[in-house]
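next comes the sequence, and after it the predicted model I'd like to discuss.
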Number of protein chains: 2
Amino acid sequence: MGELSELFVPRRVAVVGATEREGSVGRAIMENLVEDFDGEVVPVNPNYDEVFGVPAVAGVGESDADLAIIVVPPHIAVDAVREAGEAGIRNVVVITAGFGETGSEGASREQELVEVAESYDINLVGPNSLGIMSTPTGLNATFGPDNARSGNMSFMSQSGAFITAVLDWANDQGIGFKDVVSLGNKAVLDESDFVETWGEDDDTEVIIGYLEGISEGRTFIDTAREVTQDTPIVLVKSGRTDAGAQAASSHTGTIAGSDEAYEAGLEQAGVIRADSVQSLFDAARVLESQPLPDTDDVAVITNAGGPGVMTTDAVGSSRLSMATFTDETLDAFSEKLPAEGNIYNPVDIVGDADNDRFREALDLALGDDNVGCAVVLSAPTAVLDYEQLAADTVELQEEYDKPVAACFMGGERVEPAAEALSDAGIPNYFDPARAVDGLDALSRFKEISEREYDAPTTFDVDEERAREILSAVEGRGDNRLGVEAMDLLDAYGISTPDGDIVDAPADALEVAERIEGDVVMKIVSPDILHKSDIGGVKVGVPNEEVYDAYEDLVTRARNYQPDANIIGVQVQEMVDLDAGVETIVGMNRDPQFGPLLMFGLGGIFVEVLEDTTFRVAPVAESEAHEMTEEIDSAPLLRGARGRDPVDVEGVTETIQRLSQLVTDFPAILELDINPLVATPDGVQAVDVRLTVDPDQL
Amino acid sequence: MGELSELFVPRRVAVVGATEREGSVGRAIMENLVEDFDGEVVPVNPNYDEVFGVPAVAGVGESDADLAIIVVPPHIAVDAVREAGEAGIRNVVVITAGFGETGSEGASREQELVEVAESYDINLVGPNSLGIMSTPTGLNATFGPDNARSGNMSFMSQSGAFITAVLDWANDQGIGFKDVVSLGNKAVLDESDFVETWGEDDDTEVIIGYLEGISEGRTFIDTAREVTQDTPIVLVKSGRTDAGAQAASSHTGTIAGSDEAYEAGLEQAGVIRADSVQSLFDAARVLESQPLPDTDDVAVITNAGGPGVMTTDAVGSSRLSMATFTDETLDAFSEKLPAEGNIYNPVDIVGDADNDRFREALDLALGDDNVGCAVVLSAPTAVLDYEQLAADTVELQEEYDKPVAACFMGGERVEPAAEALSDAGIPNYFDPARAVDGLDALSRFKEISEREYDAPTTFDVDEERAREILSAVEGRGDNRLGVEAMDLLDAYGISTPDGDIVDAPADALEVAERIEGDVVMKIVSPDILHKSDIGGVKVGVPNEEVYDAYEDLVTRARNYQPDANIIGVQVQEMVDLDAGVETIVGMNRDPQFGPLLMFGLGGIFVEVLEDTTFRVAPVAESEAHEMTEEIDSAPLLRGARGRDPVDVEGVTETIQRLSQLVTDFPAILELDINPLVATPDGVQAVDVRLTVDPDQL
């Protein structure tokens, strides 16, 4: 592919299927292009000499364009793209629908389109796209009714209708865009490509989007991580709920990954996930224009006590906190404010405050080193001029270069002030909670932009031995492995209790004698999943009973299922569960994100309380460590209720080693270590279950 | 007091302190009254013959008014109220500030005001109030800049500034009010009084408010319960967070109750608690105008797939669910909709849908018995006329009398349609999530309005014996009781393990022999709170060791604290904790709501996971039962992980019996039963601690 950034700065745009026919897409695009585009437009249509007075060519090959917009019917669209490729055009937007979204014929047509794009190295948007826009050159290659205002957000959407709705609304709100792209079916270019491109674009201050799926999760994470060191990404990813996921899947025809995977993947990518259109734009607007706060401490300056309390509640439920002023600031407030005011945060400058008092108070607050950002909050009064307050707010925000949120409450009388604030990048809200949400987004992005992504640790492991153990499933007609695969963990340095699988009672006794002390014995058979249910597990077996126990376990298994494939009996060192905490470390594969690691405390914590956390593998040490911190029951690992803290580092390392194992072997489809017992002295994987795809070994 | 409803329908209003002085409150109120009030206005001021051309009287006693507004300075305000009372005026609004909010002098002045109001049977609003409004008569007895539009919400606020801000905004939004009251210091009339009055007012369709505290929690609960059988109440109660609670307390000077108490109390009262100004009005607007849904099943009709998915997500995260259409409806959709549409919910009628198709689809959906309510969702297109869509939506909403939410997306082009929708009581939002929130509020209120509040059960208990046990604290210099008060539980029918407190080793042995089997022995001393820490608890003591154990326990206690008051040793039946679930039932007293019951599972669940639930006592059976259901760990009571369910009815009854105990004895300041062990066969209170105020016995 050529440089994708060129897609948005064409010199000459060919519209393949241009026409003046009323109500047609070809006409709408021609109109939009002719109206605003700074470059040249070439209609391509063998039936016309000109379209809207612009001379037409018969084929895209003759257009000498560097961007082709395809609106011809699906059965000739692929040929048009090929012709564009032949002619050296490296940027193509396929508006035409009737591809992957419409069944098997469409799907094979889309496959053909992909092949053509690949063979000619084409940056291809769509098919089934509304088109693209780029405001610096006035490029509007969409068939939507509105062009975007100029601004510094770049916007991608998997729904064309959402773009038309947003533009219509945003134009009235004074919200502008740099580039806009309707992703369509994402046959070639997807969200990761645009994230990467906009990350390098100096005119894009914030990347926003609406997605129903992410095509390649890992690529997206790696790309977005890099970009979000500088440029914030705020996304609505729909399908948060089961009902929504089902609707998304029926809308786009893609297999939805689990929302756990999206939640983990977006977090790892440094993306701010918005759960509504309102919060998407509330966050994007402040991120576009305001500086990041040095600290999360908010000063609230208000002429209205009640709304001040509401604002404090909003701060209390955000990641921010109320600033504590320095003594100097408090002294200054004492001097300047009337006695019935409040010099502590929220600063109540009282209802009779005029503009001078408001300005003075905000000046003092922003000048305090303990203050990271401020909310200017005001109810309408007879002595206060909102436009002057807006001007003062803008001036002081710029002077101190600290973020400021505005909540000038009221109706029409606020409008001129709100407009002045908005022009300076300070959105005004009637609801204090929304003003605080904006500051919260800034703080969140500051944390993201300061992240250091360490590389996953590579442990010294025995990959060959692991491969051998996994190969046990080959030709066995059953892809599941159980305790017979404990050595797999051992090969990857995950400690397991001493023990062995044996197939004779005498060997069992030998192992037990080696271990010293009582042992646990378990039947080992791929056909017996729930060993305990058939009495297939014996705990605390003394040496003298090992022989009989072996016989008994085998007999029980035979009685349960006469033709069961019995591999033998596992004889294992006793692990004192009471001395430790049972945890579960697991993995399953997500269609979009690949290996998804899970961590939680065993028993009721995962099964009843659903207290779990997820990360896309491979994970670095810091990510594995976070997993042990962010579950609700995390204090239990750290010595709650007077117990000794367990070896959390051992848990962290086990998560990382599992991460390496499942990354090395895509053949492992699912794996659960349950329990992984963590004690103050270390961790031990007591049981394991996995499913292996032999074809991927 | 006279009928409070008369406050809002005065015939003749006296303004005590009326003046034309620029910038004065007395002028502002006169202007507001003269401008809009249908009745008569009487300025009261000995210094003027007339104010704004209206003849003045020298004293309120000569006014012949039925409502007096007091704006004179604080030192003469009380006298003015007395004079009004003398003259038979039963409704007074004290605008004047400088009472309880300003220190001890103000507080005693406020006390005097209360006494005057009581002795003359006056409905008194304030002091420190912005005033009151009532739109049917044009009454605006406030000093705010705006009068309210006419509507069917009645609005109370503990912040006057919030009223001025809301009115300014609401007037532009087309939101109207019936009555408005600025509660001020709530010296006499408080939120419960207005809830009661508006509950009986046919013109009030919804009650909204901003509160920083609730004066008498139990009265509020009982009043609001009755009112919310018909009339919804939506409140912002600030102080949700610690920071907010602190700010609220410094703003109003009242001791804040805990937010757990407010959360429980508002829930028990049937109040919908909004956590932002936006959600307050979003909920209130639909509750004012729309019918309640028969079912919670939502149909989404859209011409835009992406926004349809977002709406489905919003439904998925609400209490609502997506409707499943009947076969007839699906057949009809199949027939009428294009093949590329989606006949399942969300119904995608595709981007080229005209108004006829939209109307037809909405008609089919609303006509389906499986559909309780609908969202009409639309992106702007060339073929769709939003005003026509609004007209169709309003018509079909009325025809089917099912609630409908609108999300016509776009900017200015939506405005005329949005206005038409709003006039018909259907607010339009750009964000689908907000449209769904409105339906959610309707569903929530439907549940509330259908509640049946059963009376608390009165158990047959031994109140006299309980009083005797509690009296143990009298003259003891320590208000805490421990296991020596186990009999208190017994007196209220809460089962405890067999056992006794003895003060000699021989008696200990006697009790142990009676119990049969091993026993638990605990030192009993008000001076030793943490018995286990000093080795003051022995578990599983066989009869032959009881004698020595007694001596040992006493020795340990003496060694720990030589002058400890040792009451004796408790010898108790062993309770097998493994066979059951440990729970905690507790109570403490909230300054506003009184006895607040707590329930949770013992150990880590309360201490680490903070998995608790609260109710204001007394509770009915249904409320006690809910407590056992709504904690996260509730499944553990009901036989999670293959265990037998415990006696949940026993737990429920224990909560109720405790509720009765703490209601009967206000002297009990705090009480914890920890653990209350619940097994499949019953419950047993194993340990108890309480604090008693002997002065209240």
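Perfect, thanks for sending it.

residues from the stretch 351-500 of chain A in reach of chain B?
A:351, A:379-382, A:409-414, A:430-434 (C-beta under 8 Å from any C-beta of the partner chain). Bear in mind the C-beta positions are built from the backbone N, C-alpha and C, glycine included.

now do 6 Å
A:379, A:380, A:409, A:410, A:411, A:412, A:430, A:431, A:433 (C-beta under 6 Å from any C-beta of the partner chain).

mind listing which of these are in helices?
Of these, the ones assigned to helices by DSSP state H are residue A:433.

and the residue of the stretch 251-400 of chain A nearest chain B?
Closest approach between the stretch 251-400 of chain A and chain B, counting by C-beta to the nearest C-beta: residue A:306, at 2.2 Å.

buried among the residues of the stretch 351-500 of chain A next to chain B? Make that a ChimeraX selection.
In ChimeraX, this line selects whichever of these come out buried by 16 or more other C-beta atoms under 10 Å in any protein chain shown:
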select /A:379,380,409,410,411,430,431,433
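
neighbouring contacts of the helix or strand hosting residue A:669?
Taking DSSP states H and E as the definition, residue A:669 sits inside strand A:668-679. For strand A:668-679, contacts defined as C-beta atoms under 6 Å, 6 or more residues apart in numbering or on different chains pick out A:575, A:579-589, A:602, A:646-647, A:651, A:654, A:662, A:683-693.

want to throw the residues of the stretch 351-500 of chain A next to chain B into CSV with pLDDT and distance to residue A:362?
Below are those laid out as CSV (pLDDT from 0 to 100; distance: C-beta to C-beta, whole Å):
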residue, pLDDT, distance to residue A:362
A:379, 94, 16
A:380, 91, 18
A:409, 95, 16
A:410, 93, 18
A:411, 91, 23
A:412, 89, 24
A:430, 94, 20
A:431, 95, 20
A:433, 94, 20
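
can you put the residues of the stretch 351-500 of chain A next to chain B in a markdown table and add distance to residue B:362?
Below are those laid out as a markdown table (distance: C-beta to C-beta, whole Å):
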| residue | distance to residue B:362 |
| --- | --- |
| A:379 | 41 |
| A:380 | 40 |
| A:409 | 36 |
| A:410 | 36 |
| A:411 | 32 |
| A:412 | 33 |
| A:430 | 31 |
| A:431 | 31 |
| A:433 | 33 |
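
among the residues of the stretch 351-500 of chain A next to chain B, which pair sits farthest apart?
A:412 and A:433 (22.1 Å; C-beta to C-beta).

buried ones in the least confident helix or strand in chain A by mean pLDDT?
For chain A, using mean pLDDT, DSSP states H and E, the weakest element among its helices and strands is helix A:242-252, scoring a mean of 77. If you call a residue buried by 16+ other C-beta under 10 Å, then helix A:242-252 has these buried ones: A:243, A:244, A:245, A:246, A:247, A:248, A:249, A:250, A:251, A:252.

and the residue nearest the centre of chain A?
residue A:266 (1.2 Å; C-alpha atoms, centre = their mean).

in chain A, where is pLDDT below threshold?
When residues are selected by pLDDT under 70, those of chain A lie in A:1-2, A:251-257.

element containing the most far-flung residue of it relative to its centre, please.
Within chain A, the residue lying farthest from the chain centre (C-alpha atoms, centre = their mean) is residue A:544, at 56.6 Å. Element membership for residue A:544 (DSSP H and E) is helix A:543-560.

repeat that for residue A:210.
strand A:206-211.

got the contact list for that strand?
A:153-159, A:162, A:191, A:198, A:232-237, A:284, A:287-288.

now stretch A:100-110
Taking C-beta under 6 Å, 6+ apart as the rule, stretch A:100-110 contacts A:98, A:99, A:128, A:185, A:187, A:253.

just to revisit the earlier point, surely the residue nearest to the centre of chain A and residue A:273 touch.
Yes: between residue A:266 and residue A:273 there is a contact under C-beta atoms under 6 Å: 5.0 Å.

now which of the contacts of strand A:668-679 would you call buried?
Neighbour-count burial (16+ other C-beta under 10 Å) applied to the contacts of strand A:668-679 gives A:575, A:580-589, A:602, A:646-647, A:651, A:654, A:662, A:683-692.

and chain A, what are its domain boundaries?
Following the TED database, chain A resolves into domains at A:291-450, A:454-497+A:575-696, A:498-574.

with residue B:395 as the reference, name the closest of the ones you listed.
Checking the domains of chain A against residue B:395 by C-beta to C-beta gives domain A:291-450 as the closest, at 29.9 Å.

start to end distance for the closest one?
Chord length of domain A:291-450, first to last residue, is 14 Å (C-alpha to C-alpha, to the nearest Å).

show me the helices in the stretch 101-250 of chain A, by range?
A:104-119, A:160-173, A:191-199, A:217-227, A:242-252 (DSSP state H, counting those that start in this stretch).

adding distance to residue B:18, write those out as JSON lines.
Listed next are these as JSON lines, based on distance: least, C-beta to C-beta, whole Å:
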{"stretch": "helix A:104-119", "distance to residue B:18": "79"}
{"stretch": "helix A:160-173", "distance to residue B:18": "45"}
{"stretch": "helix A:191-199", "distance to residue B:18": "64"}
{"stretch": "helix A:217-227", "distance to residue B:18": "66"}
{"stretch": "helix A:242-252", "distance to residue B:18": "60"}
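
the least confident helix or strand of chain A vs strand A:206-211, what angle?
Angle between the axes of helix A:242-252 and strand A:206-211 is 90 degrees (criterion: axes from the mean of the first three to the mean of the last three C-alpha atoms, to 10 degrees).

and the helix or strand just after helix A:242-252, what's buried?
Proceeding N to C from helix A:242-252, the next assigned helix or strand is helix A:259-269, under DSSP H and E. Neighbour-count burial for helix A:259-269 flags A:259, A:260, A:261, A:262, A:264, A:265, A:266, A:267, A:268, A:269 (criterion: 16+ other C-beta under 10 Å).

list the residues that contact residue A:78.
Residue A:78 neighbours (C-beta under 6 Å, 6+ apart): A:112, A:113.

and the next element down the chain from the one helix or strand it maps to?
Applying DSSP H and E as the criterion places residue A:78 in helix A:74-86. Later in the chain than helix A:74-86, the nearest helix or strand by DSSP H and E is strand A:91-94.

from the contact counts, what lies against that next one?
Contacts defined by 3 or more C-beta pairs under 6 Å, 6 or more residues apart in numbering or on different chains; DSSP states H and E place strand A:91-94 against strand A:67-70, strand A:123-125.

re earlier: partner strands of the strand holding residue A:669, with direction?
Paired strands of strand A:668-679, with direction, are strand A:581-590 (antiparallel), strand A:682-685 (antiparallel), strand A:688-692 (antiparallel) (DSSP bridges).

what's the closest of those strands to residue B:548?
strand A:581-590 (36.5 Å).

what comes into contact with the closest one?
Contacts for strand A:581-590 (C-beta under 6 Å, 6+ apart): A:257-258, A:261, A:595-602, A:606, A:636-637, A:646, A:654-655, A:658, A:662, A:669-678.

ok, back up a step: which of the domains of chain A sits most buried?
domain A:291-450 (a mean of 21; mean count of other C-beta atoms under 10 Å in any protein chain shown).

what's the offset of it from the middle of its chain?
Domain A:291-450 sits 31 Å away from the centroid of its parent chain (C-alpha atoms, centre = their mean, to the nearest Å).

what do you get for stretch A:612-628?
The answer for stretch A:612-628 is 14 Å, by C-alpha atoms, centre = their mean.

ends of that stretch, how far apart?
10 Å.

what's the answer for stretch A:598-616, then?
9 Å.

for stretch A:335-351, same thing?
Termini of stretch A:335-351 sit 18 Å apart (C-alpha to C-alpha).

can you list contacts of that stretch?
A:299-303, A:305, A:308, A:312, A:322-323, A:330, A:333-334, A:357, A:360-361, A:381, B:247.
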